[in-house]
Structure formats: structure tokens, C-alpha cells
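Participant: Any chance you could fold what I've pasted below:
(one chain, ligands or ions: 2)
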Amino acid sequence: MSPIGRFVTFEGIDGAGKSTHIDWYVDRLRARGIDAIRSREPGGTPLAERLRELLLNEPMSMDTELMLMFAARRDHLERLVRPALAAGRWVVCDRFTDSTWAYQGGGRGGSAERIAWLEQWVHGDLQPDRTYLFDLPAELAAERRASARTADRFEREDEAFFRRVREAYRQRAGQSPGRFLVVDGRRTIEDIQKLLENDIASIGI
Ligand SMILES: Nc1ncnc2c1ncn2[C@@H]1O[C@H](COP(=O)(O)OP(=O)(O)O)[C@@H](O)[C@H]1O
Ligand SMILES: Cc1cn([C@H]2C[C@H](O)[C@@H](COP(=O)(O)OP(=O)(O)O)O2)c(=O)[nH]c1=O
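Facilitator: Ligands and ions are numbered 1, 2, ... in the order given. Predicted structure coming up:
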């Protein structure tokens with residue numbers, strides 16, 4: 001019998017700490033003998049990476065942004081995520097549809113009905129087995145971002161935008177408490193690593 005693949009996602013507002021922990025997390029899985037791959041959204045396949053370039057840099061309407069996010073996601077799921085899970089691998093993904101609920105829904109004020117419809121169409125039966133939500137106040141995340149990198153189209157949004165994104169994430173987590181683990185991004189990197197390490201055991205090895 002082939003091993004069971006797992007789908008794990010990392011979420012949070014820009015600057016909350018996802019990238020700092022995701023490679024470490026994948027390394028920890030591999031150290032336990034798990035065949036894990038890291039991916040990201042938008043992106044993860046050649047086509048989706050090209051859409052990412054556009055999404056992060058090219059001005060566009062809210063609706064175009066929403067549809068391109070899901071177009072990139074569909075390609076990523078068909079070509080990478082589903083085949084990997086079917087082969088028993090773990091896919092650890094930097095962002096997934098919770099980002100769409102948070103950014104295009106909460107941040108931009110997009111229609112929940114449309115997002116729900118697209119979600120159902122693009123990946124109805126597939127949801128992550130575990131989602132880590134890195135939670136940090138918008139002002140602290142902005143400070144961390146400022147010292148770390150140049151801003152893309154999303155990162156140039158104001159603090160009120162990121163407060164809405166954060167709130168939408170927290171609502172999502174409240175709706176699926178079994179799937180989400182909310183990580184307090186104010187804790188030290190060492191503390192967060194301990195929490196993640198303990199959690200790996202609970203998601204089935
Ligand atoms: N727990 C933490 N405590 C202090 N600084 C952190 C912590 N986690 C991340 N950082 C720093 O904050 C900045 C943004 O983190 P990053 O992982 O790039 O965020 P994200 O991927 O969520 O946008 C980086 O400079 C990183 O070193
Ligand atoms: C997956 C996804 C990402 N995004 C946005 C959030 C991020 O600002 C951006 C890319 O995210 P990210 O990979 O976190 O960028 P970085 O390389 O700077 O860490 O895309 C959405 O708005 N909706 C989505 O569905």
C-alpha cells in the first residue's frame with residue numbers, strides 16, 4: 001500500500017513569518033523520512049509562475065486578479081499537487097485558497113459568493129490537511145517587511161488593507177478549527193519551531 005500524502009499550507013499577512021519557517025519545516029519532515037516537496041501560490045508550475053509575475057507586478061482589476069489566482073491554482077493542482085499527493089508525497093505550500101479569502105475577499109472586499117463558487121469549481125473536494133496561520137498585527141508585519149525587502153503590488157497596500165486581511169484570516173481559522181493551527185507571530189523563531197515540531201506528530205506519521 002502506498003503511503004498517504006498530506007497537504008499542508010502556510011498562511012498569513014505579508015511579513016508574518018511564513019517564509020522564515022517553511023523551509024525549516026520541510027527539512028524537519030525529510031529528517032523524519034517523509035517525502036516532502038515545497039511549493040507556493042500563486043506559482044509552483046511554469047505556467048502558474050508566469051501568472052505570478054503578472055499578479056505581483058501588473059496593475060489589474062479586482063475581478064481579473066481573482067480569476068488569475070484561481071487559474072494559476074488550477075494548473076498547480078492539476079500538474080503538481082494532486083499527482084504528488086496521489087504518489088503519497090507531502091506537499092507543503094506557501095499560501096493556498098485561504099489567501100484568496102483573506103486578500104481578494106477581506107482585503108479587496110470581493111464577493112464571498114464568487115470566491116466560494118470558484119473554490120468549489122477549482123478544487124471542490126480538496127482542502128489542506130493542516131494550515132498554519134501566522135498571525136501578527138498589521139503594524140508589526142509592516143515593520144518587519146520594511147526591513148526585509150522591496151514591496152510588490154500587494155505589499156504596497158496600506159495598513160487598513162492588511163488589518164482586513166488579518167481579520168478575514170482569523171475568521172477562516174474560526175470556521176475550521178480542526179484544520180488551522182494559529183501561530184502567534186510575536187513569539188520567538190525558536191518557540192515557533194518547537195510548536196511546529198510538536199504539531200508534525202499530530203498530523204499523522
Ligand atoms: N518570530 C519572529 N520574530 C522576529 N522576527 C521574525 C520572526 N519571524 C520572521 N521574522 C522576520 O520578519 C521578516 C519577515 O518574515 P518572512 O518570513 O519573510 O514573512 P512572510 O514570509 O510571512 O512574508 C524577516 O526579516 C524575518 O527574519
Ligand atoms: C495565493 C494568493 C496570494 N495572494 C498574494 C498575497 C501575497 O502578497 C502575494 C504573494 O505572496 P508571497 O508568496 O507571500 O510573497 P513573498 O515572495 O513576498 O513572500 O500574493 C493573494 O492575494 N491571493 C491568493 O490567493
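
Participant: State whether residue 80 is indeed within a strand.
Facilitator: No. Judged by DSSP: H, G, I helix; E, B strand; the rest coil, residue 80 forms no part of a strand; its state is helix.

Participant: My guess is it contacts residue 44. True?
Facilitator: Yes. In this structure residue 80 lies within contact range of residue 44 using Cβ atoms under 8 Å: 5.3 Å. Glycine gets a C-beta too; all of them are placed from N, C-alpha and C.

Participant: immediately after the longest helix seen in the chain, which helix or strand?
Facilitator: Longest helix in the chain, counting residues (DSSP state H): helix 159-175. Next along the chain after helix 159-175, taking DSSP states H and E as the criterion, comes strand 180-184.

Participant: neighbouring contacts of that following strand?
Facilitator: Strand 180-184 has contacts (Cβ atoms under 8 Å, 6 or more residues apart in numbering) with 12, 17, 130-135, 170, 172-173, 192, 195-196, 199.

Participant: near ligand 2, from these?
Facilitator: Among the contacts of strand 180-184, no residue sits close to ligand 2 (Cβ under 6 Å from any ligand atom).

Participant: show me where pLDDT drops low in this protein?
Facilitator: Counting by pLDDT under 70, the chain contains low-confidence ranges at 1-3, 204-205.

Participant: Run through the residues of it sitting next to ligand 1.
Facilitator: Going by Cβ under 6 Å from any ligand atom, the residues of the chain near ligand 1 are 12, 14-20, 134, 144, 148, 185, 187-189, 192.
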